[in-house]
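Q: got a predicted model here, sequence first, then my questions.
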Amino acid sequence: MAHTLKRAMATALAATIIGSGLLVFTGETDIYKSAFAADVGMEAKKVGDGVDLNYNKVKGASLTLDSDIGLNFYIYLTEEVKKAVLSGPKGDISINENDFNVQEDGTVKLSYPINPLQLYDMISLKLYDAKNNQLDIFDSEDIKYFDGIFEYNANNYLCEVLDSPHEYFDSDWSDYKIGICKDLAGTIRSYCDTTTEYFSKPDMERRDYNNDEIINTQNVVPSFSSHEATVSLVLDSKFAVRLYVDDLKSSDTAKYGVKTLIPRKAWDGRYYFEISGITPTKLGDQIVIKYNGNNYTFCPLSWAYRVVTTEYAPNKDVTMANQLYNYYSTAKAFAEAE
């Protein structure tokens, strides 16, 4: 599905972690296929099964956990609708009729990407006809939303997951998977809150409850010392991992599988190789970058390993590392649950 993303400005923030690595927050975005979706709090209805198609009616919502966090709306649309506009902290996403992502139940899925700092930011939806007139939107009880605008945020969805009884989840889910889903909802909120705190406060309470698990995670120990190269993370709508190698130049290249990596320049003038599209469940997956006759083997969680094994690492770094591991392990448990 093609989306038009309009942003007045992409804000880039960066924070250097002295002695333990580098954690970067940038303003990049990406929209990806849903990996985590569970409609809750609203009864699922099929077209022709009590759905009045004279109304544009919201059915439910879901979250996408991939290299970004995506908030998805599911809505029954009348033939009158020719354009949908989602508005939020990243600006407007305009989706034309030809690009509507129609689901099996007849709803249209509309997605908006956010980063961890935007969990509580409202995302609004407006619908327009062929003459660009705004159309009304109704809820599942046929009540019209004020000014024809539907507003919701990712935290609203997490609250529904946490508060909903089991009958609102997919009927083929086990009690165990529903429990893991609720755990994941709480973990997503904690991860977003911790990330927000990390970039807004000079110091944080030290929380190191996962240190042993981080150290014992497969693939987490890098094949190189911190004097040879540094691992960093990008925590925004498009999760990525970066490798900073000493004396790396703009004219150099590296290999990642069959891909050729071109160095990018960081805010501090250094160059790095970047692997993008990292999902929460892939934070422990091995990465091998071949550069200048050497194999640099690590995984995204190698950053967390470097932090928790560094003496006198700042409290906020240790807390962020532990929360990142918790996000990874809970998302992986949900993906593997039956």
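A: Perfect, thanks for sending it.

Q: can you pull out the strands in the stretch 101-250 of the chain?
A: Using DSSP state E, counting those that start in this stretch, the strands assigned to the stretch 101-250 of the chain run over residues 101-102, 108-114, 123-128, 134-135, 150-152, 229-234, 240-245.

Q: so which of those strands is nearest Pro165?
A: strand 150-152 (20.6 Å; CB to CB). Quick note: C-beta positions are derived from backbone N, CA and C, even for glycine.

Q: list the buried residues of that closest one.
A: Buried residues in strand 150-152, defined by neighbour count with 16 or more other CB atoms under 10 Å: Phe150, Tyr152.

Q: could you dump the strands of the stretch 101-250 of the chain to CSV with mean pLDDT and distance to Asp252?
A: Below are the strands of the stretch 101-250 of the chain laid out as CSV (pLDDT from 0 to 100; distance: least, CB to CB, whole Å):
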stretch, mean pLDDT, distance to Asp252
strand 101-102, 94, 40
strand 108-114, 94, 32
strand 123-128, 97, 41
strand 134-135, 96, 52
strand 150-152, 95, 46
strand 229-234, 93, 13
strand 240-245, 95, 9
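
Q: out of these, which comes closest to Gly179?
A: With CB to CB as the yardstick, what comes closest out of the strands of the stretch 101-250 of the chain is strand 150-152 (24.7 Å).

Q: give me the residues contacting the closest one.
A: Where contact means CB atoms under 8 Å, 6 or more residues apart in numbering, the residues beyond strand 150-152 that reach it are Val58, Ala61, Leu71, Phe73, Ile75, Met122, Ile123, Ser124, Leu125, Ile137, Tyr145.

Q: beta partners for Ala61?
A: Beta-bridge partners for Ala61, by DSSP bridges, are Phe73.

Q: and the gap between it and Lys109?
A: According to CB to CB, to the nearest Å, Ala61 stands 10 Å off from Lys109.

Q: kindly report the same for Ala240.
A: The gap separating Ala240 from Lys109 is 25 Å, by CB to CB.

Q: report the set of residues contacting both of Ala61 and Lys109.
A: Overlap of the contact sets of Ala61 and Lys109 (by CB under 8 Å, 6+ apart) consists of Asn72, Phe73, Tyr74.

Q: closest to Thr330 out of those residues?
A: Asn72 (20.1 Å).

Q: show me which of Ala61 and Lys109 is the more surrounded one.
A: Comparing Ala61 with Lys109 by other CB atoms under 10 Å, the one with more neighbours is Ala61, at 27 against 19.

Q: got a list of what the more buried one touches?
A: Counting by CB under 8 Å, 6+ apart, Ala61 makes contact with Asp39, Leu71, Asn72, Phe73, Tyr74, Tyr152, Asn156, Tyr157, Glu160.

Q: show me what contacts the third one?
A: Meaning Asn72. Ser34, Ala37, Ala61, Ser62, Leu63, Thr64, Lys109, Leu110, Ser111, Tyr112.

Q: out of those residues, which are buried?
A: In the contacts of Asn72, the ones that pass as buried (16+ other CB under 10 Å) are Ala37, Ala61, Ser62, Leu63, Thr64, Lys109, Leu110, Ser111, Tyr112.

Q: ok, so of these, who is nearest Met204?
A: Met204 has its nearest neighbour among the buried ones among the contacts of Asn72 in Leu63, at 25.2 Å by CB to CB.

Q: what helix or strand does the closest one sit in?
A: strand 57-65 (DSSP states H and E).

Q: before we move on, back to that, nearest to Ala84 among the contacts of strand 150-152?
A: The shortest approach to Ala84 among the contacts of strand 150-152 belongs to Leu125, at 6.5 Å (CB to CB).

Q: which one is the closest one nearest to, not counting chain neighbours?
A: Spatial nearest neighbour of Leu125, excluding adjacent residues (CB to CB, 6 or more residues apart in numbering): Phe150 at 4.4 Å.

Q: quick one: that neighbour from Asp183, how far?
A: The gap separating Phe150 from Asp183 is 29 Å, by CB to CB.

Q: would you mark the buried spots in stretch 319-338?
A: By neighbour count with 16+ other CB under 10 Å, stretch 319-338 contains the buried residues 319-334, 337.

Q: what's the answer for stretch 92-106, then?
A: In stretch 92-106, counting by 16+ other CB under 10 Å, buried: Asp92, Ile93, Ser94, Ile95, Phe100, Gly106.

Q: same question, stretch 138-153
A: Buried positions in stretch 138-153, judged by neighbour count with 16+ other CB under 10 Å: Phe138, Ser140, Tyr145, Gly148, Phe150, Tyr152, Asn153.

Q: now the fourth one: closest residue in space that isn't a chain neighbour?
A: Read it as Gly148. Closest residue to Gly148 apart from its sequence neighbours, by CB to CB, 6+ apart: Asp136 at 4.6 Å.

Q: measure the one you found to Glu80 for me?
A: 10 Å.

Q: likewise for Leu71?
A: In terms of CB to CB, Leu71 sits 25 Å off from Glu80.

Q: of the two, who's got more company?
A: Using other CB under 10 Å, the more surrounded residue of Leu71 and Glu80 is Leu71, with 25 against 13.

Q: what's the helix or strand for the more buried one?
A: Per DSSP H and E, Leu71 falls inside strand 69-76.
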